[in-house]
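Asks: Here is my input; please provide its structure:
(2 chains)
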Protein chains: 2
Amino acid sequence: MKKRLFTPGPTPVPESVMLRMAEPMIHHRHPEFKEILSRVNQNLKYLFQTEQPVLTLASSGTGGVESTFVSLFSPGDTIISVNGGKFGERWVKMPKTFGLNAVEIKTEWGKAPTSEQIMTALRAHPHAKAVYLVHSETSTGTATDVKALARVIRDNSDALVCVDGITAIGAHEFRFDEWGIDVCVTGSQKGLMIPPGLAFVALSSRAITAMESSKLPKFYFDLRKALKAHAANDTPWTPAISLIIGVDASLMMIRAEGIENIWRRHKRLALALREGLGAIGMKLFSDSPSFAVTPVWLPEGVEWKAFNKTLKGKYGITIAGGQEAFAGKIFRISHLGYYDELDMITVLSAVEMTLHDCGHKVELGKGIGAAQAYFAINP
Amino acid sequence: MKKRLFTPGPTPVPESVMLRMAEPMIHHRHPEFKEILSRVNQNLKYLFQTEQPVLTLASSGTGGVESTFVSLFSPGDTIISVNGGKFGERWVKMPKTFGLNAVEIKTEWGKAPTSEQIMTALRAHPHAKAVYLVHSETSTGTATDVKALARVIRDNSDALVCVDGITAIGAHEFRFDEWGIDVCVTGSQKGLMIPPGLAFVALSSRAITAMESSKLPKFYFDLRKALKAHAANDTPWTPAISLIIGVDASLMMIRAEGIENIWRRHKRLALALREGLGAIGMKLFSDSPSFAVTPVWLPEGVEWKAFNKTLKGKYGITIAGGQEAFAGKIFRISHLGYYDELDMITVLSAVEMTLHDCGHKVELGKGIGAAQAYFAINP
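Replies: Numbering: from 1, shown residues only, chains lettered A, B, ... in the order given. Predicted structure coming up:
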């Protein structure tokens, strides 16, 4: 059976990128690899829209975020962290593990944090060293207005603006320098369209200064070591060579398409898919849906298990279910990374047919027609 | 130019493994991936010769070793660590970073630690929680008699026996259960023949018990989380999917060849190469050379820079140079992983021709003949 992936990480890897990664292994101290890493370092700056260094680590995105906590702060430091889903929750738990005073801004699942919530927290904790925002909360498919909140944080405090950009980078407009961001982390298996195993960390000069006085113990995730090596197009530990070769290939695709075109494409695919889903009576879960992943309520009377089994078993399509309180109630379709118009038609068609197979009343083709119309009107 | 890699990590990746990794991305919660991870977990036990769990982490080998320090110990705990090269040195520095009392057994580069050195350290530190040994010290190409030293440690203390098996696993005889080892770490880009980006950690039941009382803060490298997930053929964070698919393929090759045959092959290739090098007057650097990598003194009058430039530029061969005090004085030829008889002839031929090109007097073909004779006599 032909299999198709519509999950917010891992995302599909372009065939050409897979084949680049399948070339014979080279050594990380060989001039050929140095050249690749140098180009990757340059192109990552373009992706993050920054002139600052973007470091590459051999770990998942979670390891990338850990590197920022242990490298920038000291025991007892207060940091403010927005928890509106599974990932926000992790960025509250993790700093506590390392002895930081993590102040939580809790938002309902599917709702984005507001300027007022940020202001209240900053007033209550005027010495907070950082505010952690989740640009696109994968578990709820909810986007945060990072640009606006970064402004609020910058205007009202000295706190560093730290962004989990794991499912946002490459899908949502993001301008590290222009928006005054200090830290942003992403992973390889998301908008970057390669397999999991790499994390990327952008650091402002304020963040680099903060690293100098950090007292938390660290070794593997010591960003000072990574930064020093980065200046020589090197890494402190053996890099994940094949994945870095993959990201070199995918970053060249990103440059060729243009980052603003990529943001536009993600928005357009998301909105078309939502037109289609709406036309067959499906309701969006989030108040502020992400352009990386569309969260949808399962229609009444449709069982998640049967729905997912048919979608996967009969149509070869993998999507993501709901998590925690929303398990079995919502599902999530990803359009993050290597997707185009016809991919949205494909997944919509599979959803329509699966609903039909599950005995749910649906006018076949209606959602597809609505998505096509959206594409036609919004070229 | 055709390129050939003779470095002790990354090592060459078999073409069939590369192509397995180039297949379309699958999701880590999909039953297909669960089946792969379950098979990998089983086959890793075979590789380490253990019935205990072997955990897979998304990091380099250095991250794997860090996971053992932060997951097993508490601040102030004494651990004994053998430093006979760059990696041993790292396993002294790293625990100190995390507030452990790291007692160093220093051995000269190229010499293996002795039972007496271990006994002396254990007598001086009877409450040491662990002894860290480097099975094959990559920087010096020196092998430690882990079996004998593990016996000494077990017979004379309660210290955990912890082994850096990064360039030893898959090259040197290693029996985790039979030898009474508690912790062993390896990396993916070594005997496992896949690209870098994964670390593997085997844990005895004594090590698992030690984890319960460990007080060092940890999150990404928390082996309790990894162990819990492992029991369900899962990982706590997104796994490096393509690399795990690669290791599935390489472990199947290892099972097919048989681990004892693999140890025998490594020993045979190492000894044949050394016959060849000896026949053209080259001297081994180490007193106890590893079967993973052969360290050799550069002949007098041959400049490392010119030698390496010719080897790489004219013959496409990448080897490893000497490090620190031995930079420019020794070089290291790896035969770890995917190598056979004719690969040894290839690298010997390139060394002979490069020496000749550098103006060093060498009887061309003499080393090759000696290696061939060794192979013929030792089938």
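Asks: Who are the contact partners of residue A:53?
Replies: Going by Cβ atoms under 8 Å, 6 or more residues apart in numbering or on different chains, residue A:53 touches A:41, A:45, A:202, A:203, A:227, A:230, A:231. C-beta here means a position set from N, CA and C on the backbone, and glycine is covered the same way.
Asks: for stretch A:288-301, what is the average pLDDT?
Replies: In this model, stretch A:288-301 carries a mean pLDDT of 97.
Asks: any idea of the pLDDT on whatever residue of the stretch 251-379 of chain A ends up closest to chain B?
Replies: At 5.0 Å from chain B, residue A:318 is the closest residue in the stretch 251-379 of chain A, using Cβ to the nearest Cβ. What the model reports as pLDDT for residue A:318 is 97.
Asks: which residues touch it?
Replies: A:3, A:4, A:5, A:6, A:7, A:311, A:312, B:26, B:27, B:30.
Asks: one more time with 10 Å
Replies: By Cβ atoms under 10 Å, 6 or more residues apart in numbering or on different chains, residue A:318 lies in contact with A:3-7, A:10, A:308, A:311-312, A:334, B:25-27, B:29-30, B:32.
Asks: any idea how far it is from residue A:324?
Replies: 20 Å (Cβ to Cβ, to the nearest Å).
Asks: for residue A:180, same thing?
Replies: Distance from residue A:180 to residue A:324, by Cβ to Cβ: 33 Å.
Asks: For those two, indicate the residue with more neighbours.
Replies: Higher neighbour count among residue A:180 and residue A:324: residue A:180, with 16 against 11, using other Cβ atoms under 10 Å in any protein chain shown.
Asks: so what's the backbone phi/psi at the closest residue to the more buried one other than its chain neighbours?
Replies: Among residues not flanking residue A:180 along the chain, residue A:154 sits closest, at 4.8 Å (Cβ to Cβ, 6 or more residues apart in numbering or on different chains). Residue A:154 adopts backbone torsions of phi -60, psi -40, taken as degrees, to the nearest 10.
Asks: same check, this time on residue A:332
Replies: Per degrees, to the nearest 10, the backbone of residue A:332 is at phi -130, psi 130.
Asks: same check, this time on the one 3 residues further on
Replies: Main-chain torsions, residue A:335, degrees, to the nearest 10: phi -140, psi 40.
Asks: Provide a list of residues in contact with the spatially closest residue to residue A:74 that is not a sequence neighbour.
Replies: Distances taken as Cβ to Cβ, 6+ apart place residue A:215 nearest to residue A:74, at 3.9 Å, with adjacent residues excluded. Contacts of residue A:215 were listed using Cβ under 10 Å, 6+ apart, and they are A:73, A:74, A:75, A:76, A:77, A:99.
Asks: Can you get me a residue count around the closest residue in space to the fifth one that isn't next to it in sequence?
Replies: By the measure of Cβ to Cβ, 6+ apart, the closest residue to residue A:77 outside its immediate chain neighbours is residue A:129, 4.8 Å from it. Here the neighbour count serves as a burial measure; for residue A:129 (other Cβ under 10 Å) it reads 21.
Asks: isn't residue A:129 right up against residue A:75?
Replies: No: with contact defined as Cβ atoms under 10 Å, residue A:129 and residue A:75 do not form a contacting pair (11.9 Å).
Asks: All good on my end, thank you.
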